[in-house]
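K.L.:
Sequence and computational prediction follow.
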Number of protein chains: 2
Amino acid sequence: MNRQQLIEQIKTKKSFLCVGLDTDLKKVPQHILNEEDPIFSFNKAIIDATAPYCVSYKPNLAFYEAFGVKGLMSFEKTVKYLKENYPHHFIIADAKRGDIGNTSAMYARTFFEEYDIDSLTVAPYMGEDSVTPFLGYEGHWVILLALTSNKGSLDFQMTTDEQGERLFEKVLKKSQQWGTKDNMIYVVGATQGRMFEDIRKLAPEHFLLVPGVGAQGGSLEEVCRYGMTSDCGLLVNSSRGIIYASTGSDFAEVAGQKAKELQEQMAVQLQSAGVI
Amino acid sequence: MNRQQLIEQIKTKKSFLCVGLDTDLKKVPQHILNEEDPIFSFNKAIIDATAPYCVSYKPNLAFYEAFGVKGLMSFEKTVKYLKENYPHHFIIADAKRGDIGNTSAMYARTFFEEYDIDSLTVAPYMGEDSVTPFLGYEGHWVILLALTSNKGSLDFQMTTDEQGERLFEKVLKKSQQWGTKDNMIYVVGATQGRMFEDIRKLAPEHFLLVPGVGAQGGSLEEVCRYGMTSDCGLLVNSSRGIIYASTGSDFAEVAGQKAKELQEQMAVQLQSAGVI
């Protein structure tokens, strides 16, 4: 999916919601465990209930790899189900990959050719040749970690160099020599609040993937105030706050309601910023 | 495997060689492709031929994930084969994982409980809570990226902060508040030459995993001169230089010879440093 198509989806749906499919069998409703493929069954129900209210899905690979071959099959089925039934939803494989050039090239082939997934999260620590192999695929995106939502983001990402530049700023600057607003998105945690102002100085037009609204405590309003652009420029993710909102047999229905609530809040933000 | 056991293996085998199982079907001998599980068949032959000369194996997950479910099955079979037939070899899952706490905890369970693999490579960008979930497993290790072997290592890892400390040094220092020499190893590329002196100032006793000898051009002698400790303190990896040394039907035999050559050079280094 290219940038223009993503923006159109956001305007049509009045939503920039991404639903995180971090499916943990310890947290799903008990009755799901009797299904043949509980992870896929859970995902399918969540997807069907939330699809009208979101523009993107983000399965985090950790939750699938935890079950080895079976988990990976659930992941593949989920991606196939999305592509067949909801082809206009932007799929993010949250895998935080990144390795030396020939290895990153293998990952790129896996996620962009084999799975044909729209985008992949990538860690920047290993620099240019670990990121660029992902950038040669038309309509596919690198989502590069810049300023993450967790406490550990303070350990290295905020380190200031001799010129007064913080590491996440260096990542934003350098990486714009490798990719463009048409093939690169940055991860910025919703918990970072006013830091979005600083991010927008360096990346005024790039889309940002924003985790941390909901369970991690970030504020949607604050993210929009400092981070929204005239094209929206945001994909705000919620995982636990939606998919585990109920652990009863009504889990999908409640997830749909939670997604709808967020979509409605997002519509207000899009309107007041003049995006729609 | 704990530190003492690893050191004993090194002394017994007179080797600190790690063989990288970066098995790429585009590079394996043609006849292997007729096997039912070509990746596993290739790995099995390589392992049997090289096991006497190395102390460790490092499958890079990218090369397995590239084939989806089938690839992951080859990975699991390889790990199982190693554990059953070569239980004293130290297994490294080269996956460069790292995510927010609850997600890193999922990865830790996968690699350390499900697969019971000795160690996992982890990227430090997301800081403390992305690394510590991997540290609670007795006899299991985090192998943290510090100063990698690729050109991109110059982009961020060498950035000097206001106090004159480079990012990789900050990673070495900070992470020693989280883990110890008994559960943490650092990745330092063989291509970094004399930087090993600086690494040893900050991590005098930790084991270092050293990729980049061979195809990437690093020098074994230089690595040993500046990086070896009285306990050896090094695991030197070679992947392409061993496993693709021949693409004929003699590939395993030639891989064994290449591993033996490296082992003999390593024995000389261990002797001259007084480790054995």
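P.N.:
Arrived safely.
K.L.:
Give me the number of neighbouring residues for A:Ala146.
P.N.:
29 (other Cβ atoms under 10 Å in any protein chain shown). Backbone N, C-alpha and C define where each C-beta goes, glycine included.
K.L.:
close enough to count as contact, A:Glu197 and A:Tyr226?
P.N.:
Yes - if you go by Cβ atoms under 8 Å, A:Glu197 and A:Tyr226 touch, sitting 4.8 Å apart.
K.L.:
So between the two, which is more surrounded?
P.N.:
A:Tyr226 (17 against 11).
K.L.:
Please read off the pLDDT at that one from the model.
P.N.:
For A:Tyr226, the model assigns a pLDDT of 95.
K.L.:
and it, what element?
P.N.:
helix A:220-227 (DSSP states H and E).
K.L.:
if we look at that helix, which residues are touching it?
P.N.:
A:188, A:190, A:193-197, A:199-200, A:208, A:210, A:213, A:233-234, A:236, A:262, A:265-266, A:269, A:273 (Cβ atoms under 8 Å, 6 or more residues apart in numbering or on different chains).
K.L.:
now, which of those lie within strands?
P.N.:
Assignment to strands by DSSP state E places the following of these there: A:Val188, A:Leu208, A:Val210, A:Leu234, A:Val236.
K.L.:
Just the ones in helices from the contacts of helix A:220-227, please.
P.N.:
A:Met195, A:Phe196, A:Glu197, A:Ile199, A:Arg200, A:Leu262, A:Gln265, A:Met266, A:Gln269 (DSSP state H).
K.L.:
got the contact list for A:Thr132?
P.N.:
A:Gly101, A:Ser104, A:Trp178, A:Gly179.
K.L.:
which one of the residues you listed is nearest B:Lys173?
P.N.:
Nearest to B:Lys173 out of the contacts of A:Thr132 is A:Ser104 (Cβ to Cβ; 27.6 Å).
K.L.:
Excluding residues flanking it in the chain, which one is nearest that closest one?
P.N.:
In space, and not counting its chain neighbours, A:Ser104 is closest to A:Pro133: 4.2 Å by Cβ to Cβ, 6 or more residues apart in numbering or on different chains.
K.L.:
can you pull the contacts of the residue of chain A most remote from its centre?
P.N.:
Of all residues in chain A, A:Glu162 has its C-alpha farthest from the mean position, at 32.3 Å, by Cα atoms, centre = their mean. When contacts are counted by Cβ under 8 Å, 6+ apart, A:Glu162 touches B:Thr160, B:Asp161, B:Glu162, B:Gly164.
K.L.:
now A:Val275
P.N.:
Counted by Cβ under 8 Å, 6+ apart, A:Val275 has contacts A:Ile10, A:Lys11, A:Met228, A:Ser230, A:Asp231, A:Cys232.
K.L.:
switch the cut-off to 6 Å
P.N.:
A:Cys232 (Cβ atoms under 6 Å, 6 or more residues apart in numbering or on different chains).
K.L.:
my hunch is that it is in a helix, does that hold up?
P.N.:
No - counting by DSSP: H, G, I helix; E, B strand; the rest coil, one finds A:Val275 to be coil, located in no helix.
K.L.:
For stretch A:99-118, what is the distance to the chain centroid?
P.N.:
Centroid separation between stretch A:99-118 and its chain, computed with Cα atoms, centre = their mean, to the nearest Å, is 17 Å.
K.L.:
Find the nearest non-adjacent residue to A:Glu114, please.
P.N.:
In space, and not counting its chain neighbours, A:Glu114 is closest to B:Gly68: 6.1 Å by Cβ to Cβ, 6+ apart.
K.L.:
What about that neighbour? Give its phi and psi, please.
P.N.:
As for B:Gly68, its main-chain torsions (degrees, to the nearest 10) stand at phi 60, psi -140.
K.L.:
And the pLDDT at it?
P.N.:
91.
K.L.:
Could you do A:Ala215 as well?
P.N.:
Confidence score, pLDDT, at A:Ala215: 73.
K.L.:
what do you get for A:Gln192?
P.N.:
pLDDT, read off for A:Gln192, is 86.
K.L.:
which residues of chain A fall in strands?
P.N.:
So, for chain A - with DSSP E - the strands run A:17-21, A:56-59, A:90-97, A:119-122, A:141-147, A:184-188, A:208-210, A:234-238.
K.L.:
Can you mark which positions in stretch A:43-51 are buried?
P.N.:
A:Asn43, A:Lys44, A:Ala45, A:Ile46, A:Ile47, A:Ala49, A:Thr50, A:Ala51 (16 or more other Cβ atoms under 10 Å in any protein chain shown).
K.L.:
that older thread, and the helix holding A:Tyr226, what's buried?
P.N.:
Buried-residue list, helix A:220-227, by 16+ other Cβ under 10 Å: A:Leu220, A:Glu222, A:Val223, A:Cys224, A:Arg225, A:Tyr226, A:Gly227.
K.L.:
what's the answer for stretch A:80-87, then?
P.N.:
A:Leu82, A:Tyr86.
K.L.:
Please apply the same query to stretch A:159-170.
P.N.:
Buried residues in stretch A:159-170 (16+ other Cβ under 10 Å): A:Thr159, A:Asp161, A:Arg166, A:Leu167, A:Phe168, A:Glu169, A:Lys170.
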